[in-house]
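Student: Predicted model and sequence follow; I will ask about them next.
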Amino acid sequence: MFSLKKTAKGVADAMYPPVCVHCHTRIPLQEVWLCGDCYEKLNYIPEQRCPKCGYPTEEAECSNCWENHYVFTQAQSVFLYEGSARSMVQELKYNGFTHIADWFANQMYKLIFEDKTMENIDFVTAVPLHRVRRRERGFNQSDLIALSLADKLNKPFTDKALIRKEYTVSQTILDGKSRRKNLRDAFKVGRTDLKDKSILLIDDVFTTGTTVNEAARTLKQAGVKDVYVITACHGL
Ligand SMILES: [Zn+2]
Ligand SMILES: [Zn+2]
């Protein structure tokens, strides 16, 4: 059973005095997370981006899509993975500031609230962590973002669509080919009612897209019609 109570919520979030999570200057309220300067410097993904994978590019043909064979329907991200946005992800993941998940969900909601395709979403889910890593961290940051976004979209959330089978090596230390090999068959589905569904899949960072793509492949093999991906940040 998914429970917010199992997270570090309320403990690490109650830091005093409140400081900007990027530059550590004092801020009036911890809930705003960033000082005015660092908020201004948030680097949103520009309008000119690949319509398929969200890669910021002005080229007609996206090199990212060409190299990776994406099976998801579409992927979008809110920020480039650098500066203040990167600090926000890291504070969420490694320092247990779990309320940052709501902040990212809000930003994602702003990105998609006029997007009609989202009306057809059957449920929202997140890229799962392996149970060992989830136990170590106490929560899955992507579950928290997905749960909050599902609430805003008024769609059901599930953490049972995908299960992580393998305890994979951290993706950040591997190159493209090794990433794909590392993740092959990393997931299995955890529900039997996935046929013809449209799923919104959430993750924190899209780097090469290998992780969300493998998750999407697993869902599609179970009969899912469309997998829409939204990540907080895009790492390229
Ligand atoms: Zn700051
Ligand atoms: Zn692309």
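Tutor: Thanks, I have the structure now. Ligands and ions are numbered 1, 2, ... in the order given.
Student: Get me the contact residues on the chain for ligand 1.
Tutor: With the criterion set to C-beta under 5 Å from the ion, the chain comes near ligand 1 through C20, H22, C23, C35, C38. Quick note: C-beta positions are derived from backbone N, CA and C, even for glycine.
Student: do that again at 8 Å, thanks
Tutor: Listed as neighbours of ligand 1 in the chain under the rule C-beta under 8 Å from the ion: 20-25, 27, 34-39, 84.
Student: Looking at the residues you listed, which are in helices?
Tutor: Counted as lying in helices by DSSP state H, out of those, are G36, D37, C38, Y39, S84.
Student: What subset of the residues of the chain next to ligand 1 is buried?
Tutor: C20, V21, H22, I27, L34, C35, C38, S84 (16 or more other C-beta atoms under 10 Å).
Student: returning to what we had before: pick the one among the residues of the chain next to ligand 1 closest to S63.
Tutor: S84 (27.0 Å; C-beta to C-beta).
Student: wait, what's in contact with that closest one?
Tutor: V21, H22, L34, C38, Y39, K41, L42, N43 (C-beta atoms under 8 Å, 6 or more residues apart in numbering).
Student: go on, I145?
Tutor: A101, F104, A105, M108, A126, I202, D204, A232.
Student: Give me the three-state assignment for V71.
Tutor: V71 falls in the coil class when you classify it by DSSP: H, G, I helix; E, B strand; the rest coil.
Student: Contact partners for the residue lying closest to M118 once chain neighbours are set aside?
Tutor: Take M118 and drop its neighbours on the chain: the residue closest to it by C-beta to C-beta, 6 or more residues apart in numbering is I112, 5.3 Å away. Counting by C-beta under 8 Å, 6+ apart, I112 touches Q76, M118, I230.
Student: go on, Q107?
Tutor: V78, F79, A232.
Student: Name the member of those with the most neighbours.
Tutor: A232 (28 neighbours; other C-beta atoms under 10 Å).
Student: Quick one: mean pLDDT for the strand or helix carrying it?
Tutor: Element membership of A232, judged by DSSP states H and E, is strand 226-234. Strand 226-234 comes out with an average pLDDT of 98.
Student: chain center to that strand, what's the gap?
Tutor: 6 Å (C-alpha atoms, centre = their mean, to the nearest Å).
Student: Okay, now the sheet partners of that strand, with direction.
Tutor: Take DSSP bridges as the rule and strand 226-234 pairs in its sheet with strand 74-80 (parallel), strand 198-206 (parallel).
Student: Using PDB, write out every CA atom in it.
Tutor: These are the backbone C-alpha positions of strand 226-234, laid out as PDB (Å, rounded to 0.1, in the frame of the first residue of the first chain):
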ATOM      1  CA  ASP A 226      -0.200   5.500 -25.300                       C
ATOM      2  CA  VAL A 227       2.500   6.400 -22.800                       C
ATOM      3  CA  TYR A 228       2.900  10.100 -22.200                       C
ATOM      4  CA  VAL A 229       6.000  11.000 -20.300                       C
ATOM      5  CA  ILE A 230       6.600  14.100 -18.200                       C
ATOM      6  CA  THR A 231       9.800  14.700 -16.300                       C
ATOM      7  CA  ALA A 232      10.700  17.600 -14.100                       C
ATOM      8  CA  CYS A 233      14.000  18.100 -15.900                       C
ATOM      9  CA  HIS A 234      15.700  17.300 -19.100                       C
END
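Student: Can you point out the buried residues in stretch 86-94?
Tutor: Neighbour count says stretch 86-94 has R86, S87, M88, V89, E91, L92, K93 buried, by 16+ other C-beta under 10 Å.
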